[in-house]
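Colleague: here is my input; please provide its structure:
(4 chains)
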Number of protein chains: 2
Amino acid sequence: MTSMTDEREVIRRPADRRERILDAAEKLARRGGYFGFSFRDVAAAVGVKSASIHHHFPTKEDLVVALTARYRDRFLESLGDPLQPGAARRLADAYRSAVGTRDQMCLCGLLAAESDALPEATRGEVGTFYDANIDWAARALGGETERAEALIAGLAGAVVLARSKLDPGIYDRAAAALLSGVSSGHR
Amino acid sequence: MTSMTDEREVIRRPADRRERILDAAEKLARRGGYFGFSFRDVAAAVGVKSASIHHHFPTKEDLVVALTARYRDRFLESLGDPLQPGAARRLADAYRSAVGTRDQMCLCGLLAAESDALPEATRGEVGTFYDANIDWAARALGGETERAEALIAGLAGAVVLARSKLDPGIYDRAAAALLSGVSSGHR
DNA sequence: GTCTATAATTTGATAGAC
DNA sequence: GTCTATCAAATTATAGAC
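Modeller: Got it, this is the predicted structure:
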């Protein structure tokens, strides 16, 4: 019976550390992208040495793949059910969480822009992010995939523009225009 | 009189070399962003040593600022007059030139995504790119700045999505939806 | 699991000969 | 203007002690 308690501790403590590493790495990757941070940056943020990061994630690709998968899963989970009322608005609010604060660019938006130079597995995780986003939006819009693609593209682009100009208003206005365009149905 | 000929040569030859450096650096930056290429990468592509690149552009920031300014000026020039017929379509076509070929991501889209980590002057050049794009689109749309912002955001985002998924169709469909949304006027 | 130490390479940048 | 040579620092990654 006491062995169960021991087991839980052995399993849980390393998971916490792993999560803290991902937290630090995510923050750094959302600032500078794949090539804009180093293992030592992550280690310094966590308060350990870079060799310890390698113990949990042998290569940089391992780290960024894990990072991106976690980011994607959390993001999709935060969206909830696309068939519930106010779905399009919830989507716009989710994208807005990447606006207004420095060093919090949408991870997948940044990695997608760097896509050509990324390791294969990382590129794959990013592609899955947008596949899932478009699927979700298409369901929210009643199956209109074209408008879903335009909406996701618009929100993703609005995040980049608003951040680049340090003006969240750009995002809010663009999101409003995109949502009204979406709700206007077939031209 | 012969001195004029000499003068032209002295002025023109270095300018050609400078342009060739910018050509190579632009290609690399459009692939991996600010942190995704090195002076040695540029030098190898041009066929010289990295010290020669430093002769023309002392620091990396100098190089990327020059790069971005040239990219912006050329892009805006290619758009022509926003008051001439078919302006919105020309805008969509201009953005489409960054779709379909690898290593040709929109330079400013990539740098804007990396914005938080960029040197100040570089960030400024990128901001100017989108200021000018929104202004141009607003004039093309008869002064509707909100719809101009949404259109630029949508096209910029569609480029990233289409490249990331290696599917130019995403851009074409999203651009069509965005243009039809734009032409539908106030909801 | 974390550390020290280190390997092997790459980076941005400079000095000075030609 | 381009080169060789070099620097100091940073990079990803590994080996092995604790």
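Colleague: for the record, mean pLDDT for stretch A:175-187?
Modeller: When pLDDT is averaged along stretch A:175-187, the result is 75.
Colleague: need the three-state assignment for the closest residue to residue A:28 other than its chain neighbours.
Modeller: Nearest residue to residue A:28, sequence neighbours excluded (C-beta to C-beta, 6 or more residues apart in numbering or on different chains): residue A:37, at 3.8 Å. Heads up, the C-betas are built off the backbone N, CA and C, glycines and all. With DSSP: H, G, I helix; E, B strand; the rest coil as the basis, residue A:37 sits in coil.
Colleague: what is the neighbour count of residue A:131?
Modeller: Residue A:131 has 14 neighbours, counted by other C-beta atoms under 10 Å in any protein chain shown.
Colleague: for the residue in chain A positioned nearest to chain B, which non-adjacent residue is closest in space?
Modeller: Taking C-beta to the nearest C-beta as the measure, the point where chain A comes nearest chain B is residue A:157, at 2.9 Å. Nearest non-adjacent residue to residue A:157, counting by C-beta to C-beta, 6+ apart: residue B:157, 2.9 Å away.
Colleague: and the one you found, which helix or strand is it part of?
Modeller: Assigned by DSSP states H and E, residue B:157 belongs to helix B:145-164.
Colleague: now residue A:43
Modeller: Short version, using DSSP H and E: residue A:43 is in helix A:39-46.
Colleague: who are the packing partners of that helix?
Modeller: Judged by 3 or more C-beta pairs under 8 Å, 6 or more residues apart in numbering or on different chains; DSSP states H and E, the packing partners of helix A:39-46 are helix A:2-32, helix A:50-56, helix A:60-79.
Colleague: average pLDDT for the shortest one?
Modeller: Read it as helix A:50-56. The average pLDDT within helix A:50-56 is 98.
Colleague: list the buried residues of that helix.
Modeller: With burial defined by 16 or more other C-beta atoms under 10 Å in any protein chain shown, the residues of helix A:50-56 counted as buried are A:53, A:56.
Colleague: what distance separates it from the centre of its chain?
Modeller: Mean-position distance between helix A:50-56 and its chain equals 23 Å (C-alpha atoms, centre = their mean, to the nearest Å).
Colleague: likewise for stretch A:151-165?
Modeller: How far stretch A:151-165 lies from its chain's middle: 14 Å, per C-alpha atoms, centre = their mean.
Colleague: now swap in stretch A:123-136 and tell me
Modeller: With C-alpha atoms, centre = their mean, you get 10 Å for stretch A:123-136.
Colleague: that stretch and chain B, any residue contact?
Modeller: Yes - for stretch A:123-136, a contact with chain B is found by C-beta under 8 Å from any C-beta of the partner chain, at A:123, A:126, A:127, A:130, A:131.
Colleague: returning to that earlier point: now the helices and strands packed on helix A:39-46 as TSV including distance to DNA strand C?
Modeller: TSV is the format used below for the helices and strands packed on helix A:39-46 (distance: least, C-beta to the nearest atom of the strand, whole Å):
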stretch	distance to DNA strand C
helix A:2-32	2
helix A:50-56	3
helix A:60-79	13
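Colleague: deepest-packed of these, please.
Modeller: The highest average neighbour count among the helices and strands packed on helix A:39-46, using mean count of other C-beta atoms under 10 Å in any protein chain shown, belongs to helix A:60-79 at a mean of 18.
Colleague: and that one, what does it pack onto?
Modeller: helix A:2-32, helix A:39-46, helix A:87-96, helix A:107-113, helix A:120-140.
Colleague: the shortest one - what's its average pLDDT?
Modeller: Confidence over helix A:107-113, taken as the mean pLDDT, stands at 98.
Colleague: returning to that earlier point: looking at the helices and strands packed on helix A:39-46, which is closest to residue B:72?
Modeller: Across the helices and strands packed on helix A:39-46, residue B:72 has its closest neighbour in helix A:2-32 (22.2 Å, C-beta to C-beta).
Colleague: interface residues of chain A facing DNA strand D?
Modeller: Contacts of chain A with DNA strand D, taken as C-beta under 7 Å from any atom of the strand, map to A:37, A:38, A:39, A:40, A:41, A:50, A:51, A:54, A:58, A:59, A:60, A:61.
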